[in-house]
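Asks: Predicted coordinates and the sequence they were generated for:
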Amino acid sequence: MSSTVASTGTRHGTLGTSASRPDGVAKVQGGFAFSSDMWADNMLWGATLRSPHPYARITSIDVSGAYEIDGVSTVITAADVPGKLTYGLIMQDQPVFAAIGDTVRYSGEPVAAVAADHPETCQRALAAIKVIYEVLTPVTDPEDCISGVAEQIHPDGNIFRHQRIISGDTSIVGAIQVEGTYEIGMQDQAFLGLESALAVPDSGGHGLEMYVATQWLHEDRKQIADCLNMPEENIRLVLGGVGGAFGAREDISLQVHTALLAMKSGRPVRISYGREESFYGHVHRHPAKIWMKHHADTNGKIVKIEARMVFDGGAYCSTSPAVLVNGITHTQGPYKCENAIVDGWAVRTNNPPCGAMRGFGVVQACFAHESQMEKLAVAAGLSPVEIRLLNAMETGDRMITGQIMDSVAPVAQCIRETDAIPLPPPMSQDADLRTIPGGTGLTALPSNIKRGVGWGVSIKNLMYSEGFDDYSTARCRISEGVVTIKFATSEVGQGFTMLAQQIARTVLGVDDVFLDTIDTQVGSAGSTSASRQTWMSGGAVQAACRAALEQLFDHVATKNSMNRAELEIEGTDIVDRLTGQRVAVLAAIDGVDIDCTEEYHHPATEDMDENGQGNCHVAYAFVAHRAVVDVDLELGLVKVVQIATAQDVGRVLNPLSAMGQVEGGIAQGLGLAVMEEIIVKDGKVRNPSFTDYLLPTFLDAPTVEMVFIEEHEPKSPLGAKGIGEPPCISVTPAIANAIRQAVGRELPRVPIRPYDICL
Amino acid sequence: MPVLIPRNVDELVEVFQEHPQAKLLAGGTDYMVEVNLHGRKPETMISLRQVKELTEWSVRPSQSRITIGAAVPYADMEHGEIARLVPALAQAARTVGSPQIRAAGTLGGNLGTCSPAGDSLPVLAALGAMIHVIGPDGNRDIDFVDFMVGVKKNSLKPSEFVHSVSLPIIEGWQGYAKVGTRNAMVISTASACLVRDIDEGIVTIALGSVGPTIIRARDAEAWLTKSTSLRAGADLNPAVAQEFGRRVALESRPIDDHRSTADYRRHAVGVLAQRLLTRSFS
């Protein structure tokens, strides 16, 4: 791997250096406590009974058999929910448990839960609960919901959101027109640390402490409190060790069930899902069908885009309306275009519920627009690079939402820098067969393989949209000579705990920074999603540290008769610029007591109007990907050889961590391109295991050659843009375009399956 | 649940006779998944770990045969003497799961489960392996084609167990290839093992994951023998290889499932047959 990030020569551990992660050693050595490792004295185990049917009416539930089993403490159903019977991030339309007389709406929907002395006892108890279902015919085709022929499967209807974008001159007709209908399969976040929560009730039964692996502690607490009919302040949520998230921990899964079991039994309860249950327990990436038609002038300049997007949200709303808006507002990709007609639908079916996943609607849109760009290049007689440079968006451009691009927008630079990365050497005729398509299966010789090159470029919004104030809070205390930072930011593996220390070291000039427990004893940090925590919680930590620094300067100036207005941090000293007088920070903080809590809010955004017009997004980031693939044309097997990428990151805050995000995102995008898909037939998941839901292995991973484009973003508190999502977005179409080039077929669907290539 | 731990073959025969319902466990890479994830509840387990004889392998040069104990792990077949003598088995062993799985999984496990996707089974079929089994009535040798009788069905009698597998050491070429949607650690979508015996002038080919059992494409083999010389020094007309592939595909009996389609599997084994035959001449 190569990187343009050079050692900055600044103090190790501060911003810009590859500071080590506070959780790193423990994770490598196996000592890190993940949420599934938690334990409490007198703890019970919980388990969930789920519907085997995608759509069925519950006629009766008889739990008496479960209570007859020795060791079973508590059984709960919908009748045991003391508060709100439903939950959800945007609409509270998902029942805690499906109730008698009501319907289950997806295969795997919770019907009851048990707490018992052993996981095995729980399984026997679940088997002893008798549920009688009247099985109904599931609604599985989103088009049936749009046309209205499908039965209404929920009182809120079958349409989560219908949103149009009508922009500019819609009567324009391009000299060149290209179109296509593209499909994206249902991808799973497939985090390795499975869902787990431990709930500990207080002795009086009025409150609860919970340890949860989640992306947003405060939102979880709100939904739990509503369902428990308990004041939020009576619930303390502590972050359990999180092993990956990728969007799958934004929604409630086992939180309310665990809390209810603990409150009813009066004992600590832990629920931990296994891999199969995890496939049913969290939302997935929306499968989508997207039609797009690009109009361009004879030179290939885009003049209008028409599109229709249909996102299958599955049985419950989750974040479907927001995913849809992300999809349609990114129709144009990172290209100039003011004229558009876009029709977007997010619908309810009896398929598994879908919601947030890394890329959040933009993955789907990008696969469509980048497939279109390839067709447009051919039609205009241009190369993939030329067509993209010709249309590359710039700061100041008006987008199809009417919003003016006011982020740093180095789209052309991303493309040029990616193009400048050398291509890999041609495949050697004596290559190790494990490194060519087919891998260890030894299906091919180098002579059976054809190489292809393809491009993908993307734009991704950062932070929450449409008027949402997803602020973040941080607290900085200097006491007894120690700097302590507290926040409720979920550390899900992205490295925020490390970044918080880097910020504090940089601002305050200390080396040791202690991190307080991540819990709800401080204000909300918002969700660890939408590539937002570096910007938002980074901004909050910086603000809290700066506020503390101001007080420290007051103290130091008075105590040492220094010029207050001239003080600054230089390394680990406080320096008076006027006199050159220095005080070591460590000495200065001795005996002071400073406690500052600050919130960071991003600039406000707006709702869209009925024509999809409005300043709905906060900021944007860009990235280009070039994929080189080897394809066995006869067997349809693929090996991605190299991904070259240049990413607009604003500023690299931790080079090693940035590389990790880029490589990980590329692996996830590669998965969607060639292997990762939850296969759903008649509303049922056919492959809920890692035997059949395939994730890329090390042998599938390409060489990644990356360049970071560091043009500081003035709007961002640290000058940095979120970098988590962009790596996984345009790499998927880049790989698809490379395969298309090698194969000579349209291949309008991902994942591309072997038989799509060779039959 | 009792776990019985015999220390040698005689004790194994004895305890298995006393507990005919017991499950035999060597690596446990398949069966423990059934227990942990699919609710299988064995009443009694017999651990094979202490039965040293099952973990041994030996070569009888006079008979040109190699005998591999049922509990020899795949990791031991990937490299070294076994790999030199039976390279197709080494290639198949390398495709089994991850390094951790290969350190535990065994031929006996593949034979006990008898899945059509069992990675080693096409090799045993193509080489004409003899399965040496021991039971209450003594020893017997079963030809692999008579051993595997259906999807996850074998011809072991109650309290009979696989002791070892005996394979011929062939003068010529042998190779294994497996198609999966991932480049490692993947269940076979289609697989094939081809053995070309240059002394006898014959080719055998066995197919995995394209039928209820491992399929020997005997019609295609017979056609090939008639159509071209398979002895040392012979050349292969590419058209013959292509036709061989077509004929092999016709003998497969694949199904559609969530892993792939019947059409693709049929196509893939044809391509594998053509390629393996071509490789055997290069």
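Replies: Happy to help now that I have it.
Asks: How is A:Gly724 assigned, secondary-structure-wise?
Replies: Secondary structure for A:Gly724, judged by DSSP: H, G, I helix; E, B strand; the rest coil, is coil.
Asks: Might you report the residue contacts of it?
Replies: By CB atoms under 8 Å, 6 or more residues apart in numbering or on different chains, A:Gly724 lies in contact with A:Arg358, A:Gln494, A:Ser531, A:Gln661, A:Gly665. Using the backbone N, CA and C atoms, a C-beta is placed for each residue, glycine as well.
Asks: Of the residues you listed, select the buried ones using a ChimeraX command.
Replies: Filtering the contacts of A:Gly724 down to the buried ones (16 or more other CB atoms under 10 Å in any protein chain shown) takes a single ChimeraX command:
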select /A:358,494,531,661,665
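Asks: Okay, and which of the contacts of A:Gly724 map to helices?
Replies: Among the contacts of A:Gly724, DSSP state H puts A:Gln661, A:Gly665 in helices.
Asks: could the contacts of A:Gly724 be laid out in a markdown table, adding distance to A:Gly344?
Replies: Output for those, formatted as a markdown table (distance: CB to CB, whole Å):
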| residue | distance to A:Gly344 |
| --- | --- |
| A:Arg358 | 20 |
| A:Gln494 | 29 |
| A:Ser531 | 22 |
| A:Gln661 | 29 |
| A:Gly665 | 25 |
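Asks: Among the contacts of A:Gly724, which one lies nearest to chain B?
Replies: Of all the contacts of A:Gly724, A:Gly665 has the smallest distance to chain B: 19.0 Å, by CB to the nearest CB.
Asks: Where does the closest residue to the closest one other than its chain neighbours sit, in terms of helix or strand?
Replies: Ranked by CB to CB, 6 or more residues apart in numbering or on different chains and with sequence neighbours excluded, the top spatial neighbour of A:Gly665 is A:Pro727, at 2.6 Å. In the assignment (DSSP states H and E), A:Pro727 maps to helix A:726-729.
Asks: how about the residue of chain A found nearest chain B, what does it touch?
Replies: Closest residue of chain A to chain B, CB to the nearest CB: A:Gly439 (2.7 Å). By CB under 8 Å, 6+ apart, A:Gly439 lies in contact with A:Lys639, A:Leu699, A:Asp700, B:Arg182, B:Asn183, B:Ala184.
Asks: The spatially closest residue to it that is not a sequence neighbour: neighbouring residues, count only.
Replies: Take A:Gly439 and drop its neighbours on the chain: the residue closest to it by CB to CB, 6+ apart is B:Asn183, 2.7 Å away. Counted by other CB atoms under 10 Å in any protein chain shown, the residues lying close to B:Asn183 total 27.
Asks: My read is that B:Asn183 contacts A:Leu442, right?
Replies: No. With contact defined as CB atoms under 8 Å, B:Asn183 does not count as touching A:Leu442 (10.7 Å).
Asks: what's the spacing between the residue nearest the centre of chain B and chain A?
Replies: The centroid of chain B falls nearest to B:Leu121 when counting by CA atoms, centre = their mean (1.8 Å). As judged by CB to the nearest CB, to the nearest Å, B:Leu121 and chain A stand 15 Å apart.
Asks: returning to that earlier point: could the contacts of A:Gly439 be laid out in TSV, adding distance to B:Lys157, pLDDT and secondary structure?
Replies: Listed next are the contacts of A:Gly439 as TSV, based on distance: CB to CB, whole Å; pLDDT from 0 to 100; DSSP: H, G, I helix; E, B strand; the rest coil:
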residue	distance to B:Lys157	pLDDT	secondary structure
A:Lys639	46	97	strand
A:Leu699	41	93	helix
A:Asp700	43	96	helix
B:Arg182	38	95	coil
B:Asn183	40	93	coil
B:Ala184	37	92	coil
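Asks: Which one of those is nearest to A:Val522?
Replies: Of all these, A:Asp700 has the smallest distance to A:Val522: 41.3 Å, by CB to CB.
Asks: Tell me who's in contact with the closest one.
Replies: A:Gly439, A:Lys639, A:Val640, A:Leu670, A:Val674, A:Met675, B:Arg182, B:Asn183, B:Ala184.
Asks: Test my guess that the fifth one contacts A:Val638.
Replies: Pointing back at A:Val674 there. Yes. In this structure, A:Val674 is within contact of A:Val638 by CB under 8 Å, at 5.2 Å.
Asks: which neighbours do these two share?
Replies: Common neighbours of A:Val674 and A:Val638 (CB under 8 Å, 6+ apart) are A:Ile735, A:Ile739, A:Ile752.
Asks: Go ahead and build a PyMOL selection from the buried members of these.
Replies: Restricted to buried positions by 16+ other CB under 10 Å, the PyMOL selection for the shared contacts of A:Val674 and A:Val638 reads:
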select buried, chain A and resi 735+739+752
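Asks: For chain A, what's the nearest residue on the stretch 101-250 of chain B?
Replies: B:Asn183 (2.7 Å).
Asks: Please report how far that residue lies from A:Asp609.
Replies: To A:Asp609, B:Asn183 is 49 Å away according to CB to CB, to the nearest Å.
Asks: re earlier: A:Asp511: which of the contacts of A:Asp700 is nearest?
Replies: Minimum distance to A:Asp511 across the contacts of A:Asp700 is 39.0 Å, recorded for A:Leu670 (CB to CB).
Asks: ok, back up a step: so can I have TSV of the contacts of A:Gly724 showing pLDDT?
Replies: TSV is the format used below for the contacts of A:Gly724 (pLDDT from 0 to 100):
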residue	pLDDT
A:Arg358	98
A:Gln494	96
A:Ser531	97
A:Gln661	97
A:Gly665	98
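Asks: Pull the number of nearby residues for A:Pro437.
Replies: When counting by other CB under 10 Å, one arrives at 26 neighbours for A:Pro437.
Asks: Is it in contact with A:Val631, as I believe?
Replies: Yes. Here A:Pro437 reaches A:Val631: they are 6.3 Å apart, a contact under CB under 8 Å.
Asks: shared neighbours, these two?
Replies: Shared contacts of A:Pro437 and A:Val631 (CB under 8 Å, 6+ apart): A:Ile449, A:Leu637, A:Val638.
Asks: Phi, psi for the second one please.
Replies: The main-chain torsion angles of A:Leu637 are listed as degrees, to the nearest 10 and equal phi -90, psi 150.
Asks: Next up, the contacts around the closest residue to it other than its chain neighbours.
Replies: Taking CB to CB, 6+ apart, and ignoring the residues beside it in sequence, A:Leu637 has A:Pro437 as its nearest neighbour in space, at 4.0 Å. Residues in contact with A:Pro437 (CB under 8 Å, 6+ apart) are A:Thr443, A:Ala444, A:Ile449, A:Asp630, A:Val631, A:Asp632, A:Leu635, A:Leu637, A:Val638, A:Lys639, B:Asn183.
Asks: The fifth one: what secondary structure?
Replies: What it means is A:Val631. The local conformation at A:Val631, judged by three-state DSSP, is strand.
Asks: burial count for it?
Replies: 27.
Asks: wait, it sits on A:Ala742?
Replies: Yes. Counting by CB under 8 Å, A:Val631 touches A:Ala742, with 4.3 Å between them.
Asks: joint contacts of those two?
Replies: A:Lys450, A:Arg451, A:Gly452.
Asks: most surrounded residue in these?
Replies: Counting by other CB under 10 Å, top hit in the shared contacts of A:Val631 and A:Ala742: A:Gly452 with 21 neighbours.
Asks: Before I go, just wanted to say thanks for your time.
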